[in-house]
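Peer 1: prediction below, plus the sequence it came from.
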Amino acid sequence: MRTPFTSEVISDVHESSICIRLYLDECTQISFSGNFNVCSLSCFPAQGHGAKGDNEYEFSLEFLESVEPQVTHRSTQRQVNITVRKQEHSWWDRLTLQERKPVFLAPDFDRWMEESDAEMELRAKEEKISKISVESRSPKDPYLGLKRGYLFMYNLVQFLGFSWIFVNMTVRLFILGQDSLYDTFHTIADMMYFCQILAVVEVVNPALGIVRTGLMPPLIQLVGRNVILFVIFGSLEDMQNKAVVFFVFYLWSIIEIFRYPYYMLACISTEWTMLTWLRYSLWIPLYPMGVLAEAVAVIQSLPIFDETRLFSIPLPESLGSSLSFSYSLQIYLVLMFLGLFINFRHLFRQRKRRLRPKRRKLH
Ligand SMILES: CCCCCCCCCCCCC[C@@H](O)CC(=O)SCCNC(=O)CCNC(=O)[C@H](O)C(C)(C)COP(=O)(O)OP(=O)(O)OC[C@H]1O[C@@H](n2cnc3c(N)ncnc32)[C@H](O)[C@@H]1OP(=O)(O)O
């Protein structure tokens, strides 16, 4: 004897199929006995075993449109999942031919799909697939963590070094006033030597592919600063008491107390908008001022090199005794402005790249 289902039949609907789940509260075991299908009318019989003994159950649904005669089903002890395939892949306005939903039927809204949901899901799937394929095309760097750790430490040391220089010079300026300008070298030089020798790393890094930037801009920067520090200030005692040392060191250190923390954050994939802006904007006034201060130092050193003949190139007697190093420095002065031009253009491009508003993804 067939009895109608007393429990809910839950359905969810997709573009190509309908999934129906049968629950019978009164049964501890349920098994599906196949289906009987006439185009859109489907009968679903099942056998259940429970407190009321063995019983046969049945319900029928007249779908809105035609469905495939064969259904697939999967049973667990208390539930049967039946999948009915639509004959045509299309979105239906409703499940059943009759407008009013049968009382035993309850839609599963968690899994219910409408055309717009399906489109969104499809797009999300496509995006996920394209992301995975891009990631799989660019192989993961096995040393990434090591590289980041090394760069972070390097930038931290430079940041601490230049912060010490900047704070020291600022405090001395406030306490000693103008007098502090003339003995900058004696108080700061050791730390500046340390930081500038360490800065060789900034040429090595792009050369080894540890950071992705050109080799020329850091090389120009390194050579430019080290010529001033070691050749002009370091080797000429007469230059060490000049106020220009203060301006050169101060201008160098101002940019570095923003540049190195910016890199440190980049190493941990973090960005502070304000810091990024400062790193890519402060150079606009500082770089020309720095090159100008360095040019003043070079010009001031010319007569000293002529006088002391330091680094002069010995010449055959017929051409005179020696060629003063000041001639080399005059050529260097021209190179300095060429270097300024190259690095200014490089930094301008970097600024444009880093500060341009990020485009929002269009869906
Ligand atoms: C061949 C010999 C020629 C000799 C010619 C001699 C001529 C000498 C002329 C010299 C003039 C120099 C004057 C100068 O001394 C004056 C001053 O410095 S005045 C003070 C103001 N100065 C500045 O503002 C310049 C500061 N310096 C710099 O900005 C850099 O040194 C510079 C090389 C100019 C530019 O740096 P870079 O090319 O690295 O650009 P980015 O900072 O944008 O970095 C690019 C990407 O690489 C990542 N990166 C770089 N370094 C690190 C690091 N240490 N740690 C982690 N990551 C790093 C960075 O994050 C960027 O990544 P992404 O693109 O993903 O953002």
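Peer 2: In hand now; what should we look at?

Peer 1: CA atoms for contacts and neighbours, from now on please.
Peer 2: Noted.

Peer 1: what secondary structure does the residue positioned nearest the centre of the chain sit in?
Peer 2: By C-alpha atoms, centre = their mean, the chain has its centre lying nearest to residue 269, at 5.8 Å. Put simply, residue 269 is coil when judged by DSSP: H, G, I helix; E, B strand; the rest coil.

Peer 1: same question, residue 193
Peer 2: Residue 193 - assigned by three-state DSSP - is helix.

Peer 1: cool, and residue 29?
Peer 2: Applying three-state DSSP: residue 29 is strand.

Peer 1: show me what contacts it?
Peer 2: 48-50, 77-78 (C-alpha atoms under 8 Å, 6 or more residues apart in numbering).

Peer 1: do the same with residue 188
Peer 2: 165, 169.

Peer 1: buried sites along the helix or strand where it lies?
Peer 2: Using DSSP states H and E, residue 188 sits within helix 184-198. Residues 184-185, 188-189, 192, 195-196 are the ones in helix 184-198 that count as buried (16 or more other C-alpha atoms under 10 Å).

Peer 1: flag every residue of the stretch 201-350 of the chain that's near the ligand.
Peer 2: Taking C-alpha under 6 Å from any ligand atom, the part of the stretch 201-350 of the chain that reaches the ligand is made up of 211-214, 217-221, 223-225, 251-252, 255, 263, 266-267, 283, 286-287, 290-291, 335-336, 339-340, 343, 350.

Peer 1: please indicate which of the contacts of residue 29 are buried?
Peer 2: Looking at these with 16+ other C-alpha under 10 Å, the buried ones turn out to be 48-49, 78.

Peer 1: ok so residue 354 is a helix residue?
Peer 2: Yes: under three-state DSSP, residue 354 sits within a helix.

Peer 1: pLDDT wise, what is it at?
Peer 2: Residue 354 carries a pLDDT score of 91 in this model.

Peer 1: try residue 9
Peer 2: At residue 9, pLDDT is 58.

Peer 1: cool, residue 147 as well?
Peer 2: Predicted confidence (pLDDT) at residue 147: the value is 95.

Peer 1: nearest to the ligand, out of the buried residues of helix 184-198: which one, please.
Peer 2: residue 196 (10.6 Å; C-alpha to the nearest ligand atom).
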